[in-house]
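Enquirer: Model the following, please.
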Amino acid sequence: MNRHGYDEQTWFTFSYSAVRDDSGAVGGVYCACVEATEQVLGERYRKEENERLVTLFEQAPGIIAVLRGPQHVFEITNKSYLELIGRENLVGKTAREALPDVEGQGFFELLDQVYTSGEPFVGHAVPLTLVRAPGAPPEQLYVDFVYQPIRDPFGTVVGIFVEGSDVTPRKQIEDELRAANRQKDQFLAMLAHELRNPLAPITTAAHLLKLGTLDAKGVRNASEIIARQAEHMTSLVNDLLDVSRVTRGLVTLEKEELDLNEIVAGALEQVRPLIEARRHALTMELSGEPVQVLGDRTRLVQVLSNILNNAAKYTPSGGQIALRVTAHGDRVTVTVTDNGIGIEPDVLPYIFDLFTQAER
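Expert: Numbers count the residues shown, from 1 in each chain. Next up is the predicted model:
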């Protein structure tokens, strides 16, 4: 229709009624016509808005669901919600019917509480155990979520709007960081204890030297005590500096071609005094020919000496320590075994993590 100087689409509702004369014969037609353009455009706009909101609802990265009535019947859920719980076709089912494995975890009770009280509930990193696929084992998840009551025009609660997100990866990272901090604190406490131990013999020896009453042999013994304990403290400080460099990414490896037999001999030279002092029996089985590897001489000696040092330290006096080097094609294996206290199985997966320290 052209009524404002341009063609525009219009809509009308109309009816045709027969008009009869006095004899009852049809003498004409009565047409009742009302324009409905505004109503049609308004309905079209509402439909488009609803479709847009449904699309946004479906594509929302967070989990969203709407539950109706006191039985919490699913009215609508988005894709993220279905992916989280590993279910399909929840609409029309009650929460307890749709998610039986959630029973006993407190979520249904919270829905009842929100529906009854009209007060929203906000949960942070709440544990959720789900079986997300038929025959699959239960999975431990963590979710942030909000239960928000839905009210009718009279203020009566008629449903609950559920919104949230899966924070399992974040929770795992936070737990790992907390564990790393605990390990660091334990490591520093142990290091402080180790640094304090040499101070007593150093102080005693220094005091005896200060008195000036020692003979030549006594002076020599006191000096040796101070030198030995100072060397031990220097080693501990160097270890701490190594840890600092590792945590800041400042360690660089100077790679060169090395004979692993020589590396093992160098590490053993550093630890032999401790092995002999604790009267351990050491068995060595080295390769009969050079075993060439590419690595950093200083760091390889350090690694092996640390392993040997732990074997000597945590094996009761008079124990057995075996050191073996075996070559298999292009691979070399260095094995250190002892009959000491060992490492608890639950600690083994973490022994190469920074600051990890088993209970003594």
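
Enquirer: Hmm, residue 164 and residue 143 touching each other?
Expert: Yes: counting by CB atoms under 8 Å, residue 143 touches residue 164, with 5.3 Å between them. No exception for glycine: its C-beta is placed from N, CA and C like everyone else's.

Enquirer: Can you pull the residues that touch both of those two?
Expert: 63, 123 (CB atoms under 8 Å, 6 or more residues apart in numbering).

Enquirer: Which neighbouring elements make contact with the helix or strand hosting residue 238?
Expert: Assigning secondary structure by DSSP states H and E places residue 238 in helix 216-247. When contacts are defined as 3 or more CB pairs under 8 Å, 6 or more residues apart in numbering; DSSP states H and E, helix 216-247 packs onto helix 168-196, helix 199-211.

Enquirer: could you redo the last one with a cut-off of 10 Å?
Expert: Secondary-structure packing of helix 216-247 (3 or more CB pairs under 10 Å, 6 or more residues apart in numbering; DSSP states H and E): helix 168-196, helix 199-211, helix 297-313.

Enquirer: what about the helices in the stretch 251-360 of the chain?
Expert: Per DSSP state H, counting those that start in this stretch, the stretch 251-360 of the chain carries helices over the ranges 260-277, 297-313.

Enquirer: Make TSV out of these and add mean neighbour count and mean pLDDT.
Expert: TSV is the format used below for those (neighbours: other CB atoms under 10 Å; pLDDT from 0 to 100):
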stretch	mean neighbour count	mean pLDDT
helix 260-277	17	87
helix 297-313	18	87
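
Enquirer: Tabulate those helices in CSV, adding columns for distance to residue 79.
Expert: Output for these, formatted as CSV (distance: least, CB to CB, whole Å):
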stretch, distance to residue 79
helix 260-277, 56
helix 297-313, 50
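
Enquirer: Indicate which one of the ones you listed is closest to residue 243.
Expert: helix 297-313 (12.2 Å; CB to CB).

Enquirer: And the closest one, how far out from the chain middle?
Expert: Offset of helix 297-313 from its chain centre (CA atoms, centre = their mean, to the nearest Å): 31 Å.

Enquirer: and that helix, C-alpha only, in PDB?
Expert: C-alpha atoms of helix 297-313 as PDB (Å, rounded to 0.1, in the frame of the first residue of the first chain):
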ATOM      1  CA  ARG A 297      79.000 -32.500  33.400                       C
ATOM      2  CA  THR A 298      78.400 -30.400  36.500                       C
ATOM      3  CA  ARG A 299      74.700 -31.100  36.600                       C
ATOM      4  CA  LEU A 300      75.000 -34.800  35.900                       C
ATOM      5  CA  VAL A 301      77.600 -35.200  38.700                       C
ATOM      6  CA  GLN A 302      75.200 -33.100  41.000                       C
ATOM      7  CA  VAL A 303      72.200 -35.300  40.200                       C
ATOM      8  CA  LEU A 304      74.100 -38.600  40.800                       C
ATOM      9  CA  SER A 305      75.800 -37.400  43.900                       C
ATOM     10  CA  ASN A 306      72.500 -36.300  45.400                       C
ATOM     11  CA  ILE A 307      71.000 -39.700  44.700                       C
ATOM     12  CA  LEU A 308      74.000 -41.500  46.200                       C
ATOM     13  CA  ASN A 309      74.000 -39.000  49.100                       C
ATOM     14  CA  ASN A 310      70.300 -39.900  49.900                       C
ATOM     15  CA  ALA A 311      71.100 -43.600  49.700                       C
ATOM     16  CA  ALA A 312      73.900 -43.200  52.200                       C
ATOM     17  CA  LYS A 313      72.000 -40.800  54.500                       C
END
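
Enquirer: re earlier: got the buried residues for the helix holding residue 238?
Expert: For helix 216-247, burial by neighbour count (16 or more other CB atoms under 10 Å) applies to 222, 225, 226, 229, 232, 233, 236, 243.

Enquirer: can you give me the strands for the stretch 1-150 of the chain?
Expert: Along the stretch 1-150 of the chain, the stretches classed as strands by DSSP state E, counting those that start in this stretch are 12-20, 26-35, 63-68, 73-77, 121-130, 139-151.

Enquirer: a markdown table for those strands, including mean neighbour count and distance to residue 326?
Expert: Formatted as a markdown table, the strands of the stretch 1-150 of the chain follow (neighbours: other CB atoms under 10 Å; distance: least, CB to CB, whole Å):
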| stretch | mean neighbour count | distance to residue 326 |
| --- | --- | --- |
| strand 12-20 | 10 | 94 |
| strand 26-35 | 10 | 96 |
| strand 63-68 | 20 | 54 |
| strand 73-77 | 19 | 59 |
| strand 121-130 | 15 | 46 |
| strand 139-151 | 16 | 41 |
